[in-house]
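Asker: turn this into a structure:
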Amino acid sequence: MAEEPLKIGLIVGREWSWPPAFIEEVRRRDEGVVAEYVKLGGTRMNEPCPYRVIIDRISHEVPYYRAYLKNAVLQGTYVINDPFMWSADDKFFEASLADKLGVAHPKTVVLPNKEYVEGIVPTESLRNLIYPLDWQGIADYVGMPAILKDAWGGGWKQVHRVNSVEELIWRYDQSGRLTMIVQELIEWEHYVRCICLGREAVMPIKYDPISRRYHVEHEHLTPELGERVVNDALKLNRALGYDMNTIEFAIRDGIPYAIDFMNPAPDFDIYSLTPHYFEWVVSAMADLTISIAKSDRKMADHYLWYQTVYGGGQQAKKTKR
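Answerer: Numbering: from 1, shown residues only. As a prediction, the model looks like this:
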């Protein structure tokens with residue numbers, strides 16, 4: 001009897017170019033691994049998962065998918081990207097993390113929400129908050145002009161340039177229940193978007209954030225600057241534990257500032273990436289996921305709940321003493 005192939009599952013949204021190209025690339029490799037779209041219709045408690053690896057491209061927009069993926073991790077499936085870390089991540093944490101890691105990052109302040117859910121009475125429920133905010137002190141710290149954006153946002157949504165304290169307050173007053181960060185504006189002379197796959201492969205691409213276009217220009221960085229960009233990208237991505245991400249650097253006076261590195265479902269469209277980088281992403285993702293599918297690599301053995309269920313790790317070692 002032929003051995004059942006190992007399975008890679010895809011959870012995707014409207015994207016049309018990368019998923020079928022990836023599925024075909026895995027099939028073409030003929031390594032005892034197949035890739036297919038995951039089909040879901042209600043998930044039972046502790047339901048087994050038939051996939052060794054799942055690539056998640058859309059659960060940040062579909063909460064049911066995120067719930068399914070957490071259960072899949074509990075069953076031993078390797079999910080790209082870790083749904084537990086992705087659920088907890090935000091741009092302010094990443095700013096502080098970059099600073100701790102010694103990676104250049106714009107000065108950043110996270111702001112209290114402007115509005116709250118029903119039942120929050122400002123004079124009674126928010127006694128820990130200082131009011132009014134020291135807007136001038138915030139502006140002095142980050143400098144003006146600055147960038148105001150959603151701490152959990154993506155796709156350049158809710159991103160505003162503010163040129164004065166008055167404009168900062170005006171934009172903030174329209175933010176509703178979003179948690180906003182205000183950030184130093186880096187007037188860059190060069191911009192790079194790094195595609196990071198598997199915490200090992202980094203492709204630093206010349207990128208125009210205004211027109212949102214990639215440029216196929218392989219010598220756009222000096223060897224020294226290219227090495228720093230790649231090393232900083234690896235340092236950040238490994239600390240976050242992402243296997244699929246993009247990290248953007250705005251370069252000012254020869255210093256690469258990590259501007260945005262919360263992109264765990266990066267754009268893989270052929271028209272965005274250009275055919276050259278699209279082919280690289282298809283091939284590199286096939287390399288990564290086939291390798292994981294055929295290995296015993298664990299997804300969540302650093303979580304206490306995983307150690308409690310499966311044993312091993314520090315918790316088990318302590319118990320045996």
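
Asker: can you tell me the SS state at His276?
Answerer: Here His276 is recorded as helix under DSSP: H, G, I helix; E, B strand; the rest coil.

Asker: report the contact partners of the nearest residue to it once chain neighbours are set aside.
Answerer: Distances taken as C-beta to C-beta, 6 or more residues apart in numbering put Val216 closest to His276, at 5.0 Å, once the chain neighbours are dropped. Quick note: C-beta positions are derived from backbone N, CA and C, even for glycine. Val216 is in contact with 274, 276-277, counting by C-beta atoms under 8 Å, 6 or more residues apart in numbering.

Asker: now stretch 237-254: buried residues?
Answerer: 237, 239-251 (16 or more other C-beta atoms under 10 Å).

Asker: equivalent analysis for stretch 46-53, please.
Answerer: 49, 51-53.

Asker: show the pLDDT at the residue nearest to His276.
Answerer: pLDDT, Val216: 96.

Asker: what's next to stretch 135-149, contact-wise?
Answerer: 91, 106-109, 111, 158-165, 168-169, 171-172, 175, 180-185.

Asker: quick revisit: list just the nearest of the contacts of Val216 to Leu40.
Answerer: Lowest distance from Leu40 to those (C-beta to C-beta) belongs to Tyr277, with 30.5 Å.

Asker: touching, that closest one and Ile205? I think so.
Answerer: Yes. Here Tyr277 reaches Ile205: they are 6.2 Å apart, a contact under C-beta atoms under 8 Å.

Asker: who has more neighbours, the two?
Answerer: Ile205 (21 against 18; other C-beta atoms under 10 Å).

Asker: that one should be in a strand, yeah?
Answerer: Yes. Under three-state DSSP, Ile205 falls within a strand.

Asker: list the contacts for it?
Answerer: 192-195, 214-215, 277.

Asker: and the pLDDT for it?
Answerer: 98.

Asker: look up how far Leu236 lies from it.
Answerer: 16 Å (C-beta to C-beta, to the nearest Å).

Asker: what's the answer for His105, then?
Answerer: Distance of His105 to Leu236, computed by C-beta to C-beta: 9 Å.

Asker: between the two, what contacts are shared?
Answerer: Common neighbours of His105 and Leu236 (C-beta under 8 Å, 6+ apart) are 98, 258.

Asker: rewinding a little: find residues that contact each of Tyr277 and Ile205.
Answerer: The contact lists of Tyr277 and Ile205 share 195, 214, where a contact means C-beta under 8 Å, 6+ apart.

Asker: strands along the stretch 51-200 of the chain, start to end?
Answerer: For the stretch 51-200 of the chain, the strands defined by DSSP state E, counting those that start in this stretch cover 53-56, 78-80, 108-110, 146-150, 159-162, 180-184, 190-197.

Asker: would JSON lines of those strands with distance to Pro264 be doable?
Answerer: Shown next, in JSON lines, are the strands of the stretch 51-200 of the chain (distance: least, C-beta to C-beta, whole Å):
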{"stretch": "strand 53-56", "distance to Pro264": "8"}
{"stretch": "strand 78-80", "distance to Pro264": "9"}
{"stretch": "strand 108-110", "distance to Pro264": "19"}
{"stretch": "strand 146-150", "distance to Pro264": "15"}
{"stretch": "strand 159-162", "distance to Pro264": "18"}
{"stretch": "strand 180-184", "distance to Pro264": "18"}
{"stretch": "strand 190-197", "distance to Pro264": "10"}
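
Asker: would you tell me which one of the ones you listed is buried the most?
Answerer: Among the strands of the stretch 51-200 of the chain, ranked by average contacts under mean count of other C-beta atoms under 10 Å, first place goes to strand 53-56 (a mean of 26).

Asker: now the phi/psi pair for the residue nearest to Asp56 when sequence neighbours are not counted, please.
Answerer: Leaving aside its sequence neighbours, Asp56 sits nearest to Ile11 (C-beta to C-beta, 6+ apart; 5.1 Å). Main-chain torsions, Ile11, degrees, to the nearest 10: phi -110, psi 110.

Asker: gap between Tyr172 and Lys107?
Answerer: 17 Å.

Asker: let me redo that: Ile58
Answerer: Counting by C-beta to C-beta, the gap from Ile58 to Lys107 is 33 Å.
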